[in-house]
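Student: Model the following, please.
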Amino acid sequence: MQLSDDIQPVIYSDRVELHHISPRRLISLFETPEDQAIYDDRTYGNPYRVLIDDKGPLAWRVPQVKADQTSNKWFLRWIVLTDTQEIIGSTSFHGIPDKDGMIEIGLGLDAQFHNKGFGYEAIKGMWMWASQDPLVKVLRYTVSPTNLASIALINKFGFPKVGQQIDEEDGPEDIYELGVEEFVSSL
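Tutor: Residues are numbered from 1 along each chain as shown. As a prediction, the model looks like this:
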């Protein structure tokens, strides 16, 4: 299989940059995470070993990308501190927009960067980027009812809780959704 090096443009916010990971680098990160070629020709480094020691969503995203490289457009981005060019986390949508135009986001930050607004900046940047795509109609965020920090994060965006689901990996999750038009008009 010929793997692509295609990437989406960097998304910038006040303090972080969201760097898209190409299909080739994404699969290498999963299969050979210590390979320094993953960072060749990049301005940032990975001192916190994001997606290396804890694979996060790679086990789900890599099979999706292997099946259809064009789906990678929606997947993993490094969260890079602008000042230091250090990777501090990652963010990704769970899949391509579904038939109703819904897209769900995930986020992971190194623990020392929790509760400092970096997650808010990353999610806002991703949602603003996704909102420009005509396929995207609804933004979704799911969270364990006991994850107070993530609940506080989604509440900053004003997303209403619309239900609950049972996730095979994480158990009960509250579902928060907001239409793209309402999200964009709230900014």
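
Student: low pLDDT regions in the protein?
Tutor: 1 (pLDDT under 70).

Student: residue ranges for the strands of this structure, please.
Tutor: All strands of the chain, identified by DSSP state E, fall at 11-12, 16-20, 77-81, 87-93, 102-109, 138-143, 161-167, 171-179.

Student: Now tabulate those in CSV and tack on mean neighbour count.
Tutor: C-beta here means a position set from N, CA and C on the backbone, and glycine is covered the same way. Putting the strands of the chain into CSV (neighbours: other CB atoms under 10 Å) gives the following:
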stretch, mean neighbour count
strand 11-12, 16
strand 16-20, 23
strand 77-81, 24
strand 87-93, 25
strand 102-109, 19
strand 138-143, 21
strand 161-167, 11
strand 171-179, 17
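
Student: do you know which of the ones you listed lies nearest E121?
Tutor: Minimum separation from E121 across those (CB to CB) falls at strand 16-20, 5.2 Å.

Student: Would you mind pulling up the elements that that closest one packs against?
Tutor: When contacts are defined as 3 or more CB pairs under 8 Å, 6 or more residues apart in numbering; DSSP states H and E, strand 16-20 packs onto strand 11-12, strand 77-81, helix 118-131.

Student: Distance to V65 for the ones you listed - can I get that in a markdown table?
Tutor: Putting those into a markdown table (distance: least, CB to CB, whole Å) gives the following:
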| stretch | distance to V65 |
| --- | --- |
| strand 11-12 | 19 |
| strand 77-81 | 14 |
| helix 118-131 | 18 |
